[in-house]
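K.L.:
next input, structure requested:
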Amino acid sequence: MTAEPARPAASAPPLVETTGLRLALPDRAAPARLGRPRPVVEILKGIDLAIRRGESVGIVGESGSGKTSLGRTLLRLYRPTGGRIRFDGQDVTDLDQASLRPLRRRMQIIFQDPQSALNPRHTIAEILAQPLRAFGLAAGRRGEEEAAAELLRRVGLPAEAMWRYPHQLSGGQRQRVGIARAVAVEPHFIVADEIVSGLDVSSQARILDLLGRLKADLGLALAFISHDLSVIRVLCDRVVVMLHGAVVEEGRCDRVFEAPQHPYTAALIDAIPLPEIDPSWLERDNRSPMRDLRPNAIIEASPHRLQSGG
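P.N.:
As a prediction, this is how the structure comes out:
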């Protein structure tokens, strides 16, 4: 069960805020022509978004909706082509990489695929030491090893795991290392990009529980990107629904799930499979609208079946 997060005050100033955010990137699907640049495609179309300290905001949409591009633009891994981004009140829209460097410690990302995000030639100790060195947070080899052991303990892995290589860990364990690397520098804001999409259901639950506890313990602001609304519902305070690069609905998770205002949001919610039905429960309540369901029946998703990515 995920730890119940402390809800941020609605009046608290945003830690991360965008106004009219736009992003256009070269169209990789278009054929390259000698002497001519590739045509550009508008990925983000005027996004207004605010994320407060201690708040988890789910960003959901099917493949190609722009949610991953939004996450990376929030971190200024992409430079926007329009609009503004403010981090803790500072306009970071046009900062160059040298000016962004002091802010990098405060904003981190957890990638979808830990297999490719972790250097296979480095031990876990070395992987965790790199961000510590970059920001001068550990003194010498001994200090790095002590910090790595503490980070591994914090994410539920034994200290001995620091001497292993990524391929010697399971997918869930690798993702825990990715989380440990992100929190190593004590950030204020984390973008988690589809981080449970490649895991089995039990591993997903454990990772979500871990992330919820870390968010509460560290007071993190979290942008949690997913194509799976059921995952968003477990972890997040608010949800932002994206379609074709635009936000079509936004609100508290309980409100959006109970009374979606946009037909696309309703279709996404309809696509969530129902849990297995206890036959004894059906027998006790014949008035239930689900009384005709067989035990263990699988509810087919709507035609808007989602795909991972974005």
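K.L.:
okay, CA-based contacts and neighbour counts for the rest of this
P.N.:
Will do.
K.L.:
tell me the mean pLDDT over stretch 84-101?
P.N.:
Across stretch 84-101, the average pLDDT comes to 95.
K.L.:
and the end-to-end length of it?
P.N.:
19 Å (Cα to Cα, to the nearest Å).
K.L.:
ditto for stretch 32-50
P.N.:
End to end - Cα to Cα - stretch 32-50 spans 38 Å.
K.L.:
can you mark which positions in that stretch are buried?
P.N.:
R38, I43, L44, K45, G46, I47, D48, L49, A50 (16 or more other Cα atoms under 10 Å).
K.L.:
what's the answer for stretch 156-168, then?
P.N.:
G156, L157, A159, A161, M162, Y165, P166.
K.L.:
between these, which sits nearest R206?
P.N.:
For these, the closest approach to R206 (Cα to Cα) belongs to G156, at 9.8 Å.
K.L.:
check contacts around that closest one.
P.N.:
R176 (Cα atoms under 8 Å, 6 or more residues apart in numbering).
K.L.:
now do the strands in the chain.
P.N.:
14-26, 40-52, 56-60, 82-87, 90-91, 107-110, 189-193, 221-226, 238-243, 246-252 (DSSP state E).
K.L.:
ok, which of these comes nearest P260?
P.N.:
strand 246-252 (8.1 Å).
K.L.:
buried residues, the closest one. List them.
P.N.:
A246, V247, E249, E250.
K.L.:
using PDB, write down the CA coordinates of stretch 104-111.
P.N.:
Output of stretch 104-111 as PDB, limited to C-alpha atoms (Å, rounded to 0.1, in the frame of the first residue of the first chain):
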ATOM      1  CA  ARG A 104      20.500  20.400 -12.200                       C
ATOM      2  CA  ARG A 105      20.900  19.100  -8.700                       C
ATOM      3  CA  ARG A 106      17.400  20.300  -7.900                       C
ATOM      4  CA  MET A 107      15.700  18.600 -10.800                       C
ATOM      5  CA  GLN A 108      16.200  15.000 -11.800                       C
ATOM      6  CA  ILE A 109      14.700  12.300 -14.000                       C
ATOM      7  CA  ILE A 110      14.000   8.600 -13.700                       C
ATOM      8  CA  PHE A 111      14.000   6.900 -17.100                       C
END
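K.L.:
ok, residues contacting it?
P.N.:
Stretch 104-111 is contacted from outside by 75, 117, 135, 178-179, 182-183, 185-195, using Cα under 8 Å, 6+ apart.
K.L.:
which of those residues count as buried?
P.N.:
Buried among those by 16+ other Cα under 10 Å: 75, 178-179, 182-183, 185, 187-195.
K.L.:
is it true that V57 touches V234?
P.N.:
No: the criterion here is Cα atoms under 8 Å, and V57 misses it with V234 at 11.5 Å.
K.L.:
between those two, which has more neighbouring residues?
P.N.:
More crowded of V57 and V234, by other Cα atoms under 10 Å: V57, with 27 against 17.
K.L.:
ok, the more buried one to V231 distance?
P.N.:
Distance from V57 to V231, by Cα to Cα: 12 Å.
K.L.:
same check, this time on L128
P.N.:
27 Å.
K.L.:
so for these two, which residue has more residues nearby?
P.N.:
Between L128 and V231, counted using other Cα under 10 Å, the more crowded position is L128 (28 against 20).
K.L.:
what sits against the residue nearest to that one when sequence neighbours are not counted?
P.N.:
Counting by Cα to Cα, 6 or more residues apart in numbering, L128 lies nearest to R181, which is 5.4 Å off, once chain neighbours are set aside. Residues in contact with R181 (Cα under 8 Å, 6+ apart) are I127, L128, P131.
K.L.:
how about L151?
P.N.:
By Cα under 8 Å, 6+ apart, the neighbours of L151 are A180, A184.
K.L.:
again with the one 10 residues further on
P.N.:
Shown in contact with A161 (Cα under 8 Å, 6+ apart): I124, L152.
K.L.:
please redo it, this time with the cut-off set to 10 Å
P.N.:
Counting by Cα atoms under 10 Å, 6 or more residues apart in numbering, A161 makes contact with T123, I124, A125, A148, A149, L152, R153, Q168, L169, Q173, V177.
K.L.:
ok, E194 next?
P.N.:
So E194 contacts 59-60, 68, 110-113, 224-228, 231, 308-310 (Cα under 10 Å, 6+ apart).
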